[in-house]
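S.K.: build the 3D model from these lines:
(chains A, B, C and D)
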Number of protein chains: 2
Amino acid sequence: MPSTRAEAHEEEFLRLDEFLCFVLYSAHRAVTNAYRPLLDEFGLTYPQYLVLVALYENGRSSVKGLGATLNLDYGTLTPLLKRLEANGLVLRRRSTDDERQVTVSLTEEGAALRRRAASLVPALDEIMGLAGAEMEQLKTLLRTLTANIAARA
Amino acid sequence: MPSTRAEAHEEEFLRLDEFLCFVLYSAHRAVTNAYRPLLDEFGLTYPQYLVLVALYENGRSSVKGLGATLNLDYGTLTPLLKRLEANGLVLRRRSTDDERQVTVSLTEEGAALRRRAASLVPALDEIMGLAGAEMEQLKTLLRTLTANIAARA
DNA sequence: CCAAATTAAGTTGTGCACGATATAATCGTG
DNA sequence: CACGATTATATCGTGCACAACTTAATTTGG
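M.R.: Alright, predicted model coming up:
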């Protein structure tokens, strides 16, 4: 049956829409693009927003601590934090007891953004349009995926 | 009941690990980082790999066609395609019947990568470590999310 | 207590991703 | 058929993300 054979052979090859990696990549970009116009009003980028959320949750942190929370390295964080500092949202100060460390803390202006940033959440949930159960399921699967990869690294 | 009140108040605020956007962002980066060492052997980046898969699936395409398949704009694709061309994997040629268009096609070398690229898939599935049903569920949820956002844009 | 190792942060270079703008080819309509 | 719109692509600037390398401070072992 040549046509079945041919189809089976095709399966060996690659259908973009069946790649988890592509579906994940597309979803990620769709979400960040949906965030963009809302964050523009705060003058924030999406990674900058995540850094602020990390600071809201954990309080003042070292750059290393932020990197551990967000899985980002210095090459990403240092310039990002400088931009947040230039925009008046955070302070970067060398720690006095260990001068290798830089402590990042919120300015008043950065702290003041907290409520306004939280108020975005319902709008974003509406844009993403997933029911509560789907949302939880999706987060669980994504956490499993991330943990599996970390375990094999 | 003050403690319940306090918790309810906290809910107003932001827990990074409960943000779908953060979980998605982390999973995306974990996956691309897992791909990296495997793609390095082909001298490919992750987006370059996706472009090749699109060409394997659809055959020669215009830049616009690739952009529609991958949801990427010219600002991303043009330099990426130039790098693929410089590495001998694709050809870019102005279409003769419509000189606005550039047709992207695979070179022999690019086409030859197809089987080797397909052979990565089992290794990657193993790294991601999701059972078939979970994988399908995850892809379905991510497609729903992406479609919802597109519908509201 | 000092030299070697480790650690925290920064720098540089490459490659996406996207907005804004530019340019040239084609199309549509009067 | 000319001229204003539209279309396909490219370019430029900004900001991640990551690898490779550098620097300076602290820790550790002899």
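S.K.: of all the residues in the host helix or strand of A:Thr76, which ones are buried?
M.R.: Taking DSSP states H and E as the definition, one finds A:Thr76 inside helix A:74-86. By 16 or more other Cβ atoms under 10 Å in any protein chain shown, the buried positions in helix A:74-86 come out as A:77, A:80-81, A:84. All C-beta spots, glycine's among them, are computed from the backbone N, C-alpha and C.
S.K.: helix or strand next in line after that helix, which one?
M.R.: Assignment by DSSP H and E places the next element after helix A:74-86 at strand A:90-94.
S.K.: what's next to that next one, contact-wise?
M.R.: A:51-52, A:55, A:81-82, A:84-85, A:101-107, A:110 (Cβ atoms under 8 Å, 6 or more residues apart in numbering or on different chains).
S.K.: scan the residues you listed and report the most crowded one.
M.R.: A:Val51 (26 neighbours; other Cβ atoms under 10 Å in any protein chain shown).
S.K.: show me the strands in chain A, by range?
M.R.: A:61-62, A:90-94, A:102-106 (DSSP state E).
S.K.: what does chain A have sitting close to DNA strand D?
M.R.: When proximity is defined by Cβ under 7 Å from any atom of the strand, chain A lies next to DNA strand D at A:45-48, A:71-76, A:79-80, A:83, A:97-100.
S.K.: which one of the contacts of strand A:90-94 sits closest to B:Leu138?
M.R.: Taking Cβ to Cβ as the measure, B:Leu138 lies nearest A:Val51 of the contacts of strand A:90-94, at 27.0 Å.
S.K.: distance of the closest one from DNA strand C?
M.R.: 13 Å (Cβ to the nearest atom of the strand, to the nearest Å).
S.K.: cool, A:Ala131 as well?
M.R.: 25 Å.
S.K.: got phi/psi on that residue?
M.R.: Reported as degrees, to the nearest 10, the phi and psi values for A:Ala131 are phi -70, psi 160.
S.K.: A:Leu72 too?
M.R.: Torsion angles, degrees, to the nearest 10, at A:Leu72: phi -130, psi 150.
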